[in-house]
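In: Have a look at this fold, sequence not included:
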């Protein structure tokens, strides 16, 4: 493999440095020691579904077209997906130049383009996403035992979270190594989302946070050993936690001065929590809506999953 890109969602020096100093991330520490590193400024808005497309297209949201978790057309809405990304991805450009790619778990990549290689979509995709080539997800599951985009249901305890996180992180690494081994790509990209999720679900549980990063570090070590890439890049989409400086909230500013007001009682604009409470539960119970359709849509399920980690629709 010529180039390997490792994506750590929400990773930043304030999280990494203490864990590296404690010797808990030997593989990332080796990459830091052998290479060069520094803070990478995110873009506006600094959110997962808008920032990752900026990284893998090379342009800002104003050019690639994804600004949020949702897209709106009047009162109609849907979860953003790859069809909303207006610029070509890195793997599409590589394909045009005769280079193959294996991409696992990159956000906003469903449905995937047809390129030389393999793509298993990540965040904002449905739980059983279409992959490229057709039938790839079944192949991966048969090869490694199971593969999920989102974590399974688990006990709301530190141990329950650690077990579910480690399981999902392991699936990412195993799937990527299998596809790299069977496809021998020029370029590889594997993204780990749980380094962000843990701060939404267990923000004050330092040992669970450390367990997530240790599990990711373990998978990175196995990937490096098996794939032996010529060049390794570790990158994130944004940081996490407290920030310094100022922020200007235009709507608040205008409302405080009487220029705008909030209209209540509107229909059609979804909130993440109500979709989580109503639609996902409806689907789990096997109920149908007034039109006879079974359960929630893929968009509603994705929103519900977002609600489970504390994300609002905006």
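Out: Received it, and whenever you're ready, just let me know what you need. Keep in mind that this is a model prediction, so the values were computed, not measured.
In: buried residues in stretch 43-56?
Out: For stretch 43-56, a neighbour-count test (16 or more other Cβ atoms under 10 Å) marks 43, 47-56 as buried. (Each C-beta comes from the backbone N, C-alpha and C, glycine too.)
In: the strands in the stretch 151-300 of the chain, which residues?
Out: 187-192, 231-235 (DSSP state E, counting those that start in this stretch).
In: just these: most buried one?
Out: strand 187-192 (a mean of 26; mean count of other Cβ atoms under 10 Å).
In: the inter-axis angle of it versus strand 231-235?
Out: 30 degrees (axes from the mean of the first three to the mean of the last three Cα atoms, to 10 degrees).
In: Partner strands of strand 187-192, with direction?
Out: strand 3-8 (parallel), strand 101-104 (parallel) (DSSP bridges).
In: how far out from the middle of the chain is stretch 122-133?
Out: 12 Å (Cα atoms, centre = their mean, to the nearest Å).
In: Going forward, count from 55.
Out: Fine by me, first position is 55 from now on; the one you just mentioned is stretch 176-187.
In: and the end-to-end length of that stretch?
Out: From its first residue to its last, stretch 176-187 covers 15 Å (Cα to Cα, to the nearest Å).
In: how near is the residue nearest to residue 179 when sequence neighbours are not counted to residue 138?
Out: Closest residue to residue 179 apart from its sequence neighbours, by Cβ to Cβ, 6 or more residues apart in numbering: residue 164 at 3.5 Å. Remark: distance between residue 164 and residue 138 (Cβ to Cβ, to the nearest Å) = 11 Å.
In: Same check on residue 220?
Out: Distance, residue 220 to residue 138, by Cβ to Cβ: 32 Å.
In: cool, residue 89 as well?
Out: Counting by Cβ to Cβ - residue 89 and residue 138 are separated by 34 Å.
In: Comparing those two, which residue is more hemmed in?
Out: Neighbour tally, residue 89 and residue 138, criterion other Cβ atoms under 10 Å: the higher count belongs to residue 138, 17 against 11.
In: Can I get the strands of the stretch 205-354 of the chain in a markdown table including mean pLDDT and distance to residue 64?
Out: Below are these laid out as a markdown table (pLDDT from 0 to 100; distance: least, Cβ to Cβ, whole Å):
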| stretch | mean pLDDT | distance to residue 64 |
| --- | --- | --- |
| strand 241-246 | 98 | 10 |
| strand 285-289 | 98 | 12 |
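In: TSV for those strands, including distance to residue 267?
Out: Below are these laid out as TSV (distance: least, Cβ to Cβ, whole Å):
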stretch	distance to residue 267
strand 241-246	9
strand 285-289	12
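In: mind listing what residue 148 touches?
Out: The neighbours of residue 148, taking Cβ atoms under 8 Å, 6 or more residues apart in numbering as the test, are 154-155, 169, 240-241.
In: what stretches of the stretch 205-354 of the chain score poorly on pLDDT?
Out: Low-confidence segments of the stretch 205-354 of the chain (pLDDT under 70): 297, 317-354.
In: can we see that at 90?
Out: 207, 254, 257-258, 295-303, 305-306, 309, 314-354 (pLDDT under 90).
In: ok, which stretches of it are helices?
Out: Along the stretch 205-354 of the chain, counting by DSSP state H, counting those that start in this stretch, helices occupy 212-237, 248-255, 260-281, 304-310, 326-329, 335-338, 352-362.
In: Out of the ones you listed, flag the one nearest residue 124.
Out: helix 352-362 (7.8 Å; Cβ to Cβ).
In: on that earlier part again, for residue 66, which of the strands of the stretch 205-354 of the chain is the nearest?
Out: Of all these, the one in closest proximity to residue 66, counting by Cβ to Cβ, is strand 285-289 (11.4 Å).
In: and the closest one, how far from the chain's centre?
Out: 17 Å.
In: how many degrees apart are it and helix 260-281 in direction?
Out: 160 degrees.
In: Please consider this matter closed, and thank you.
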